[in-house]
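[1] heads up, no residue letters with this:
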DNA sequence: GATAGTGAACAGTATTGCTATCCATAAGGA
DNA sequence: TCCTTATGGATAGCAATACTGTTCACTATC
C-alpha cells in the first residue's frame, strides 16, 4: 500500500505521516523506485500505536520516540526496556533547593517504598515524581488527604501485579514489552478516567441534592 | 509585601508573577499608589496552588484559570463546582466517525458505569475519556489487559469515597471545594506515580534476574 | 540624590506539533 | 500517449503555549 491508503486506513493526514517518518516514529516504507514506497500492515499498526501514545497517553513526540525505541530494542531484557520507557515517561522534575517540606516528602516517599518492599531504582524518576507530588500536598496543607495513601498503594500494587501477570501469559516477548508499556501508558489514562468518574459519583452522593 | 518578596517567598520569578496576574490566575494586590501594590499571605498560598496545578497537575494556563474560577465561584454547590473543574480537566476528545471498535468501547464504558450504579453525567467528559481509552485498548489488540478493568474500578471507587469523606470532615466549604479539586488533580498525579512504582516492582519480580 | 524596585503595556522568544509549498518523478486512467 | 493525480523528499511557515525582556513613568529606600 502507498502512503495515501495508509492515511485513509488510519485517519492520519498524509503530511502528518510524513512528519512522523521524519521524526523516526514510523519506519520508512520499502522503496520500489526513488519516489515510491510500499507500506504494510505493520505500518498501520505502528501508526495506531503512535497515535494512541500521543493522543491518549499525552506523550510528546520525543517521549514517544524513546518509548518506541525501547519497545524495539531487541537485546535488552523486558525489565530493562520497561526502565527505558519509564525514564521517558517521567522527565526529571526541576526541583528547588531542599525545603523542610521537600525533605519530609522525600522521607515519606522512601518510607512508603521501604514498607512495601518495592524493588525500584531508589533515586529514580518514579520516586522523584512521587516526592514532588507529596511535596505539593504538604505545601498546600492537604495532609489530611494523605490518609488514603496506603489505600492508593494497596490498589496500584495489586493492579500492577495483575497487569504483569496478564502480560506474562503472552508467548511473544515483543508483545510482552508492548503490553507492559501500554499497561503503563494506557493504564494511567484508564485509571485517571475511572478516578474522575468515581469522584463525580462520590461527590454526587455526598454533596448533591438527589431527586 | 511587594511583588519582589512574593517572588522570593515562592520561588516564582517576578515576570512570571506579572504574567499570572495578567492571565487572571492571581488576584491583583491592593494598590497603595499608582505603581505600588501590597500582597498578602493569601497571594503566597494562591501562587503555590497555581504552581502545583501547572507543574504537578500538568494543567494549561487556561485549564488552571477555569479550575480556580470554579473554586472561587461562591454561589454554586460543591458538586456543581467539581463539575466545572472536571470539564476543564477533560477537554472533549476529537473523536472520529464511529467505528465498530468505538461503539464497543462506548458500550463497555456504559455497561461499567451502569453496573457500578455510578451517578455521573451520562454523556459527559469523564465517560468520553474512558470510552476513548477503551477504544485504544481494543484497537491495539490489548483486550487481555482489560481483565483488570473491574479491579481498577473497585480501587478508584473506594479511593474516591475516602477522599470525599476526608474532605467532608472539613468545616470550611471553600476548603472543601479546594480539597475535592486537589484530590482530583493531585490525586491523579499521585496514583500515576504510585502505579509506575508498582509496575517497576512487579516487572522486577517477574522479569529481572534478582541477585 | 542615587539606586533599585514597581505596575502597566507591549513586543519578543523558545518550543511543540503539525501544515503548506515545491520539485522531479511515477501511477493510473482516457 | 497524454493528462491528472499521487508520491517521496526537502524546506519553510504557522498557530498555540508559556513565558521573558524592554520600556516607561514613577516610588521607595538607603
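    It's in. These figures come from a predicted structure and were not determined experimentally. Numbering: from 1, shown residues only, chains lettered A, B, ... in the order given.
[2] next, the buried residues of stretch A:34-44.
    Under the neighbour-count criterion of 16 or more other CB atoms under 10 Å in any protein chain shown, stretch A:34-44 has A:37, A:39, A:43 buried. Every C-beta, even on glycine, is put in place using the N, C-alpha and C of the backbone.
[3] which regions of chain A sit below the pLDDT cut-off?
    A:93-97, A:209-211 (pLDDT under 70).
[4] can you give me the helices for it?
    For chain A, helices defined by DSSP state H occupy the ranges A:3-10, A:14-23, A:41-51, A:61-72, A:78-89, A:100-116, A:125-139, A:149-168, A:173-207.
[5] let's have the ones you listed in JSON lines, adding distance to DNA strand C.
    Listed next are the helices of chain A as JSON lines, based on distance: least, CB to the nearest atom of the strand, whole Å:
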{"stretch": "helix A:3-10", "distance to DNA strand C": "10"}
{"stretch": "helix A:14-23", "distance to DNA strand C": "4"}
{"stretch": "helix A:41-51", "distance to DNA strand C": "8"}
{"stretch": "helix A:61-72", "distance to DNA strand C": "3"}
{"stretch": "helix A:78-89", "distance to DNA strand C": "12"}
{"stretch": "helix A:100-116", "distance to DNA strand C": "25"}
{"stretch": "helix A:125-139", "distance to DNA strand C": "17"}
{"stretch": "helix A:149-168", "distance to DNA strand C": "26"}
{"stretch": "helix A:173-207", "distance to DNA strand C": "14"}
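[6] reformat these as a markdown table; add distance to residue B:119.
    Shown next, in a markdown table, are these (distance: least, CB to CB, whole Å):
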| stretch | distance to residue B:119 |
| --- | --- |
| helix A:3-10 | 37 |
| helix A:14-23 | 40 |
| helix A:41-51 | 33 |
| helix A:61-72 | 36 |
| helix A:78-89 | 33 |
| helix A:100-116 | 32 |
| helix A:125-139 | 27 |
| helix A:149-168 | 22 |
| helix A:173-207 | 4 |
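[7] residue nearest the centroid of chain A?
    With distances taken as CA atoms, centre = their mean, the residue of chain A nearest its centroid is residue A:185 (2.6 Å).
[8] what's the closest non-adjacent residue to that one?
    Nearest residue to residue A:185, sequence neighbours excluded (CB to CB, 6 or more residues apart in numbering or on different chains): residue A:57, at 3.9 Å.
[9] wait, which of the buried residues of stretch A:34-44 is closest to residue B:147?
    Of all the buried residues of stretch A:34-44, residue A:43 has the smallest distance to residue B:147: 29.2 Å, by CB to CB.
[10] got a list of what the closest one touches?
    Residue A:43 makes contacts with A:6, A:26-27, A:29, as judged by CB atoms under 8 Å, 6 or more residues apart in numbering or on different chains.
[11] can you list contacts of stretch A:200-211?
    B:77-79, B:82-83, B:86, B:116, B:118-121, B:124, B:126, B:157, B:160-161, B:163-165, B:168, B:180.
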